[in-house]
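Participant: could you work out the structure for the sequence below:
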Amino acid sequence: MNFDNLNIIEPILQSLREEGYTKPTPIQEKAIPIVLNKHDLLGCAQTGTGKTAAFSIPLLQLMHQQGRKKGITCLILTPTRELAIQINESIAAYGRHLAIRHTVIFGGVSQLPQTQALRNGIDILTATPGRLLDLMNQRIISLSDIEFFVLDEADRMLDMGFIHDVKKVVAKLPEKRQTLFFSATMPLEIAELAKKILNNPKYVEVTPVSSTAELVKQELYFVNKSDKRDFLSDLLLEQPITSAIVFTRTKHGADRVARHLQKNGIKADAIHGDKSQNQRQNALNSFKSGQSRVLVATDIAARGIDIDNLSHVINFDIPNVAETYVHRIGRTGRAGAAGIAISLCDFEEQAYLRDIEKLIGKKIEYKNPSTHLKKAEAPPEGAKKDFRHQKKNQAPKRK
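Facilitator: Numbers count the residues shown, from 1 in each chain. A predicted model of the protein is given here:
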């Protein structure tokens, strides 16, 4: 099936052709007709499946067909600044041939440019919960004219502690509206929220959270925690890794890894919650343009950051929540492209590894570092013995 078969209007089809889109992803193929028929939608799909286009394309069409109305007609609520920016950019791309006004608001920056854009009049508002509530309390934003509401990454909202803010926003929405609700997982509290805000929804589910992208090759190295930074540098210097997101558990860890890579001549930037919005956006732009080869990130970047042709995801730290692993490696292997996910595991992380393998239903392929990295062939004389250099280069026993 092509986008031409989904009853999408020509101005949007033209934009999709200009973006190089030809065939819809499974969630786009299922969701677009439902939204165009004005049903509420409950979508369960992991990162990288094309959710943004699945809701923004039909909403742009519906809003174009009904004509411009007074006030903000569509609200898209999303958990992170990066994702909010990307959704707004996608709306700009898909709606470039339509006369629909849109903007994005988020915290961490001055509100003045955002309030100016709002006062000029907009049709679609993409927002993070905190800044939205702030501007609502200042009476700068009213939700009384909302006809379309999108709640994106609902489970991530729960993880980040935004669920009460979401409920406050929902309480201010008109009862008569079309609501689209997306979540990668469906914990009990999210399922209860969906029941309360959706009206007789159609349900779409693609790529369950326990599955990983079929085109992503998964590799595992056992590395002592104290050796990980050096090992990562060797890996990036000696293997043909064109671009990589490296995930760390902590913000300070991300900064330390980025500095270590820079000292070894590898262009890298760190991105996490303590960085200013300008710093984060500059790091993303540098990575997307190819100026930096590596983006070191905490899990704030695990969802929502869409990097074209990302060759590798590297788990510097194994996540302690198995589902997070699936979200991380979903950054690569997107849109039909192949990708590689590499995990560096120390002794203390083996329990996390077992949880991940149980979730995804298979063992991750173990790689002997001595056959891949020249510098890992033998430990330095007198060095502390570790399991990166097991007897006969064997991996530790895996239960």
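
Participant: how does the chain divide into domains?
Facilitator: 3-206, 216-393 (automatic domain parsing).

Participant: for the chain, which segments count as strands?
Facilitator: Assigned by DSSP state E, the strands in the chain fall at 41-45, 74-77, 102-105, 124-127, 148-151, 178-183, 202-206, 216-222, 244-247, 268-271, 294-297, 312-315, 339-345, 365-366.

Participant: make a markdown table from the ones you listed and add distance to Glu10, mean pLDDT and mean neighbour count to it.
Facilitator: Quick note: C-beta positions are derived from backbone N, CA and C, even for glycine. Putting the strands of the chain into a markdown table (distance: least, CB to CB, whole Å; pLDDT from 0 to 100; neighbours: other CB atoms under 10 Å) gives the following:
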| stretch | distance to Glu10 | mean pLDDT | mean neighbour count |
| --- | --- | --- | --- |
| strand 41-45 | 24 | 90 | 23 |
| strand 74-77 | 21 | 98 | 24 |
| strand 102-105 | 20 | 96 | 23 |
| strand 124-127 | 20 | 97 | 26 |
| strand 148-151 | 22 | 97 | 23 |
| strand 178-183 | 23 | 95 | 23 |
| strand 202-206 | 25 | 90 | 17 |
| strand 216-222 | 35 | 92 | 21 |
| strand 244-247 | 37 | 94 | 26 |
| strand 268-271 | 38 | 92 | 25 |
| strand 294-297 | 37 | 93 | 27 |
| strand 312-315 | 37 | 95 | 26 |
| strand 339-345 | 34 | 94 | 24 |
| strand 365-366 | 47 | 88 | 12 |
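
Participant: wait, which of the ones you listed is closest to Asp159?
Facilitator: strand 178-183 (10.9 Å; CB to CB).

Participant: picking that back up, make CSV out of the strands of the chain and add distance to Leu59.
Facilitator: Output for these, formatted as CSV (distance: least, CB to CB, whole Å):
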stretch, distance to Leu59
strand 41-45, 11
strand 74-77, 6
strand 102-105, 11
strand 124-127, 8
strand 148-151, 5
strand 178-183, 8
strand 202-206, 15
strand 216-222, 30
strand 244-247, 29
strand 268-271, 29
strand 294-297, 29
strand 312-315, 30
strand 339-345, 30
strand 365-366, 41
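
Participant: how about low-confidence regions in the protein?
Facilitator: Scanning the chain for pLDDT under 70 picks out 46-48, 207-214, 273, 300-306, 334-337, 369-399.

Participant: cutoff 50 now
Facilitator: Applying pLDDT under 50 to the chain flags the ranges 374-396, 399.

Participant: tell me the contacts of the closest residue to Gln262 other than its chain neighbours?
Facilitator: Of all residues not flanking Gln262 in the chain, Ala268 sits nearest, at 5.8 Å (CB to CB, 6 or more residues apart in numbering). With contact taken as CB atoms under 8 Å, 6 or more residues apart in numbering, Ala268 is in contact with Val246, Val257, Ala258, Leu261, Gln262, Ser292, Arg293, Val294, Leu295, Val296.
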